[in-house]
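> model this:
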Amino acid sequence: MSHVTRPDVPEISWFSALCDDDYEFLGVPDASLAASWPHCRDIVQAADRGGFDNVLLPSGYQLGIDSTAFAAAISTHTDDINLLLAVRMGEMWLPQLARQLASIDQFSNGRLTINIISSDIPGEALDSAPRYQRTREWMQVLRKLLDRESIDFHGEYVNLELDPPRVGTTTGTCPPFYFGGFSPAAKDVAAAEADVFLTWPDTVASVGDTVTEMNALARERYDRDILCGLRAHVIVRETEAEARAAAERLVSKLDADTGDAIRNKSLDAASVGVSRQAELRESAADDGFVEDNLWTGVGRARSGAGAAIVGDPDQVVAKLRAYQEAGVSAFILSGYTHQAECDLVAEHVLPAIEHAPIRPRFTSDLSTGQTTGSA
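Presented below is the predicted three-dimensional model:
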């Protein structure tokens, strides 16, 4: 069964631009916004102060700074916010990865969550089926290691026998796994192994169809529950006209060749999910809106999540609630520039929506060491 319980209210998270993805004008590099310890630290601390539940720390190889090293550092410079650390399956020896993750969870006093990445490892390329099989095996063994279980696993990509590790998380159990992917192989792995399936921005109806599909896959194939989350950008201003003007300003200096180059830098640039974002962008109206308050212009210079919720505070809140009613239990939001938009969302959106972190099924009373059930 899943390691998390279904929440009554959504988790609302922010994003730290560890992969050189921060701009005042999309496609126009700005040295002051490049990924660095001070810049990304300031974004995470703004999200912590602003009351966000979690923050995604993305992983890149050619881009930005290392997510695992950053998570270890920022864990002691934040107070309440959970840390959603992106880790690439196959990139590191599994027992060492488990030690690092358990240590970071201890540094943060139990605030670690894990974003599973299944893209190619730099310098190699695998077809989809074997790559997701490797991801499946890594997720299975990593969960066991973080649950402090002994390992006797012999698969296609993992061949390991180990006693339970000494170092563990604060709860003694694996933090929640967040995972996204849109190919049949990716969805099957998510249904079997993930706690939260992440989808990219789409129409409310399409996101609802994805939630229905993933719930059915998890229950019918694997007799388990899965939560669904939405990764999207936000542009919120006091009026809709101001929000639309901010969106237009964001892409006002972007040319097509630069946008193509930015999109093609990512290791997942040819994935099924990225293709769907391109389809969404192509189906939009001339102003880039594909439905009320959903603008696809961000995708002109981004390989991943390519649409933004754009509007005044009431419109943005209404859109998030529409996605929630469609079955979304977690939101990972971002905006440009990341710290400025973080402050705007914290001011105008978070107070209007009841929200809370997704918690593991079990939490530990650190004062007694006893493990108890958690709602």
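
> neighbours around C342, how many?
Burial of C342 is recorded as 28 neighbouring residues (other Cβ atoms under 10 Å). Using the backbone N, CA and C atoms, a C-beta is placed for each residue, glycine as well.

> now do the helices in the stretch 251-375 of the chain.
Along the stretch 251-375 of the chain, the segments classed as helices by DSSP state H, counting those that start in this stretch run 256-264, 272-282, 313-325, 338-348.

> could you export the third one as PDB, CA atoms only?
This file holds the C-alpha atoms of helix 313-325, laid out as PDB (Å, rounded to 0.1, in the frame of the first residue of the first chain):
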ATOM      1  CA  PRO A 313      -6.200  36.200  -6.800                       C
ATOM      2  CA  ASP A 314      -9.800  35.000  -7.000                       C
ATOM      3  CA  GLN A 315      -9.200  33.500 -10.500                       C
ATOM      4  CA  VAL A 316      -6.000  31.700  -9.500                       C
ATOM      5  CA  VAL A 317      -7.700  30.400  -6.300                       C
ATOM      6  CA  ALA A 318     -10.700  29.200  -8.400                       C
ATOM      7  CA  LYS A 319      -8.500  27.500 -10.900                       C
ATOM      8  CA  LEU A 320      -6.600  25.600  -8.100                       C
ATOM      9  CA  ARG A 321      -9.800  24.600  -6.600                       C
ATOM     10  CA  ALA A 322     -11.100  23.300  -9.900                       C
ATOM     11  CA  TYR A 323      -8.000  21.100 -10.200                       C
ATOM     12  CA  GLN A 324      -8.500  20.000  -6.600                       C
ATOM     13  CA  GLU A 325     -12.100  19.000  -7.400                       C
END
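
> what does that helix contact?
Contact with helix 313-325 is made by 10, 12, 204, 207, 230, 234, 236, 238, 240, 243, 292-294, 309-311, 331, 345, 348-349, 352-353, as judged by Cβ atoms under 8 Å, 6 or more residues apart in numbering.

> for it, which positions count as buried?
For helix 313-325, a neighbour-count test (16 or more other Cβ atoms under 10 Å) marks 313, 315-317, 319-320, 322-324 as buried.

> tilt between that helix and helix 338-348?
Between helix 313-325 and helix 338-348, the angle formed by their directions is 90 degrees, by axes from the mean of the first three to the mean of the last three Cα atoms, to 10 degrees.

> what's the mean pLDDT across helix 313-325?
Computed over helix 313-325, the mean pLDDT rounds to 98.

> tell me the buried residues within the contacts of helix 313-325.
Neighbour counting by 16+ other Cβ under 10 Å classes 10, 12, 204, 207, 230, 234, 236, 240, 243, 293-294, 309-311, 331, 345, 348-349 among the contacts of helix 313-325 as buried.

> picking up where we left off before, tabulate the buried residues of helix 313-325 (CSV), appending distance to T199.
Output for the buried residues of helix 313-325, formatted as CSV (distance: Cβ to Cβ, whole Å):
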residue, distance to T199
P313, 24
Q315, 21
V316, 19
V317, 20
K319, 15
L320, 14
A322, 15
Y323, 10
Q324, 14
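
> of these, closest to E213?
Y323 (15.5 Å; Cβ to Cβ).

> separation between the closest one and V298?
Counting by Cβ to Cβ, to the nearest Å, the separation of Y323 from V298 is 17 Å.

> any idea how far E291 is from the spatially closest residue to L333 that is not a sequence neighbour?
With sequence-adjacent residues excluded and distances taken as Cβ to Cβ, 6 or more residues apart in numbering, L333 is closest to V234, at 4.9 Å. Using Cβ to Cβ, V234 is found at 16 Å from E291.

> count of residues packed around I226?
24.

> what's near enough to touch it?
Under the criterion of Cβ under 8 Å, 6+ apart, the contact list for I226 reads 2, 190-191, 194-197, 214-215, 218.

> the helices of the stretch 251-375 of the chain: lowest mean pLDDT?
Between the helices of the stretch 251-375 of the chain, the one with the least mean pLDDT is helix 256-264; it has a mean of 55.

> quick one: the strand ranked longest in the chain to helix 338-348, angle?
Longest among the strand segments of the chain by residue count, using DSSP state E, is strand 227-236. On the basis of the same axes, to 10 degrees, strand 227-236 is oriented at 100 degrees to helix 338-348.

> what helices or strands is strand 227-236 leaning on?
Applying 3 or more Cβ pairs under 8 Å, 6 or more residues apart in numbering; DSSP states H and E, one finds that strand 227-236 contacts strand 196-199, helix 204-222, helix 240-250, strand 308-311, helix 313-325, strand 330-334, helix 338-348.

> try 6 Å this time
The contact analysis (3 or more Cβ pairs under 6 Å, 6 or more residues apart in numbering; DSSP states H and E) places strand 227-236 against strand 196-199, helix 240-250, strand 308-311, helix 313-325, strand 330-334, helix 338-348.

> which residues does that strand contact?
If you take Cβ atoms under 6 Å, 6 or more residues apart in numbering as the criterion, strand 227-236 is touched by 196-201, 211, 214, 243, 246-247, 298, 305, 308-310, 313, 316, 323, 327-335, 344-345, 348-349.
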